[in-house]
Structures are given as C-alpha cells and as structure tokens.
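Trainee: how does the following fold in three dimensions:
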Amino acid sequence: MRAMKKKLQREGIFKEMKQRRAYEKPSEKKARLLNECTRRYKKMLRKKIEIQGY
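Mentor: Next up is the predicted model:
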C-alpha cells in the first residue's frame, strides 16, 4: 500500500485529483502554471549555485 501511494504521489495523481475537484478558471490556471514554473526555475537555480559554488 505504501509503495503504491508513493508511486501515485511521484506521478502527480493526487495533485491532479485535487485540482479537478472544482472548475479552475483559465486565468487562475495560467497564474498557477506560472507560479509552478517560477518555483521550478528558482529551485533549479539554487541547485546550480550550490553545485558551482557561486
């Protein structure tokens, strides 16, 4: 059971189910996607700085 739950969580199934519970306006979807993209980019920059040491 734990392995299945962990696998579903990695694949983003739980996150998708939560988002589909209610209608998401196109403007809200765009803002959410932009925030997710920004978060991923900042995380990538932090890791890059940590590795390179700048």
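Trainee: does residue 32 lie in a helix or a strand, and which?
Mentor: Element membership for residue 32 (DSSP states H and E) is helix 26-52.
Trainee: quick one: mean pLDDT for that helix?
Mentor: What helix 26-52 shows for mean pLDDT is 96.
Trainee: from the contact counts, what lies against it?
Mentor: Applying 3 or more C-beta pairs under 8 Å, 6 or more residues apart in numbering; DSSP states H and E, we find helix 26-52 packed against no helix or strand. All C-beta atoms are positioned from the backbone trio N, CA, C, and that covers glycine.
Trainee: going forward, begin numbering at 53 instead of 1
Mentor: Understood, numbering begins at 53; the last thing we discussed is helix 78-104.
Trainee: report the distance from it to the chain centre.
Mentor: Mean C-alpha position of helix 78-104 versus that of the full chain (C-alpha atoms, centre = their mean, to the nearest Å) differs by 9 Å.
Trainee: send the alpha carbons of stretch 84-102 over as PDB?
Mentor: The C-alpha coordinates for stretch 84-102 follow below in PDB (Å, rounded to 0.1, in the frame of the first residue of the first chain):
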ATOM      1  CA  ARG A  84      -1.000  28.600 -11.200                       C
ATOM      2  CA  LEU A  85       1.200  27.300 -14.100                       C
ATOM      3  CA  LEU A  86       3.300  30.500 -14.000                       C
ATOM      4  CA  ASN A  87       3.900  30.100 -10.200                       C
ATOM      5  CA  GLU A  88       4.800  26.400 -10.700                       C
ATOM      6  CA  CYS A  89       7.200  27.300 -13.500                       C
ATOM      7  CA  THR A  90       8.800  30.100 -11.400                       C
ATOM      8  CA  ARG A  91       9.200  27.700  -8.400                       C
ATOM      9  CA  ARG A  92      10.900  25.000 -10.500                       C
ATOM     10  CA  TYR A  93      13.200  27.600 -12.100                       C
ATOM     11  CA  LYS A  94      14.200  29.100  -8.700                       C
ATOM     12  CA  LYS A  95      14.800  25.600  -7.400                       C
ATOM     13  CA  MET A  96      17.000  24.800 -10.400                       C
ATOM     14  CA  LEU A  97      19.000  28.000  -9.900                       C
ATOM     15  CA  ARG A  98      19.500  27.200  -6.200                       C
ATOM     16  CA  LYS A  99      20.800  23.700  -7.000                       C
ATOM     17  CA  LYS A 100      23.000  25.100  -9.800                       C
ATOM     18  CA  ILE A 101      24.500  27.700  -7.400                       C
ATOM     19  CA  GLU A 102      25.000  25.100  -4.800                       C
END
